[in-house]
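>>> Below are the sequence and a predicted model for it; my questions follow.
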Amino acid sequence: MGLKSKDVEEVWAELNMEPAPAVGPCVHYITACPGTVTCIYGMQDALGLAGELEKRHLGRHELASKLKISVSGCPFNCCKAWLRDFGAFGKKRGWTVVIGGRAGAKPRIGDKLAENVSPDEVMALAEKTIKVYAELGEKGERLGTAIQRLGFEEFQRRILG
Ligand code: SF4
């Protein structure tokens, strides 16, 4: 808030970060809550997992439309996994993974893909979800719309199979 456009480049440099791509059919951003780092409700390390997802997927461009990822450290879900194309939230026994959600003018609650999985398993599910979406998504079609068109069971079979 309040940042002047002339200062944006300098701020990215001070943070030692690359600017996130905000437009086009690619992975736009990965949001994360503080999780176990500072939140008393945190059950899993949301920042750590989001950092790994960001390194691997941010800016990937082979997609039909934009794709948004979020990670929350507990079921309170402050980063809204249910409303993101690929979302994960922590519980005591591991991560729950949800796909195909979105906010906006035509909101959609995502479908639960997996429960009680490890960070490595979340990484593998993200890789596979993006690959299947790249194969099946039609130009301009968000992941949730592709799931509605083809059926969640078909997506799940291809991702988990
Ligand atoms: S989702 Fe849970 S862990 Fe993350 S900020 Fe919200 S309450 Fe804290």
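That came through, no problem.

>>> elements contacting the longest helix along the chain?
Longest helix of the chain, by residue count under DSSP state H: helix 119-136. For helix 119-136, the elements it packs on are helix 46-57, strand 67-72, strand 86-91, strand 94-99, strand 111-117, helix 143-150, helix 152-160, judged by 3 or more Cβ pairs under 8 Å, 6 or more residues apart in numbering; DSSP states H and E. For the C-beta atoms, the positions are set from N, CA and C on the backbone; glycine is no exception.

>>> and the ones you listed as JSON lines, adding mean neighbour count and distance to E10?
Below are the helices and strands packed on helix 119-136 laid out as JSON lines (neighbours: other Cβ atoms under 10 Å; distance: least, Cβ to Cβ, whole Å):
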{"stretch": "helix 46-57", "mean neighbour count": "18", "distance to E10": "22"}
{"stretch": "strand 67-72", "mean neighbour count": "26", "distance to E10": "27"}
{"stretch": "strand 86-91", "mean neighbour count": "26", "distance to E10": "32"}
{"stretch": "strand 94-99", "mean neighbour count": "24", "distance to E10": "36"}
{"stretch": "strand 111-117", "mean neighbour count": "17", "distance to E10": "40"}
{"stretch": "helix 143-150", "mean neighbour count": "19", "distance to E10": "35"}
{"stretch": "helix 152-160", "mean neighbour count": "15", "distance to E10": "41"}
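
>>> For this structure, which residues are neighbours of the ligand?
33-35, 39, 41-42, 46, 72-74, 76-78 (Cβ under 6 Å from any ligand atom).

>>> go with 8 Å
Within the chain, the residues that sit near the ligand (Cβ under 8 Å from any ligand atom) are 33-36, 39-43, 46, 72-79, 89-90.

>>> Which members of the residues you listed occur in strands, if any?
Judged by DSSP state E, the residues of the chain next to the ligand include S72, F89, G90 as members of strands.

>>> Which of these sits closest to M1?
S72 (22.5 Å; Cβ to Cβ).

>>> Go ahead and confirm the closest one touches W82.
No: applying Cβ atoms under 8 Å, one finds S72 not in contact with W82, separated by 9.8 Å.
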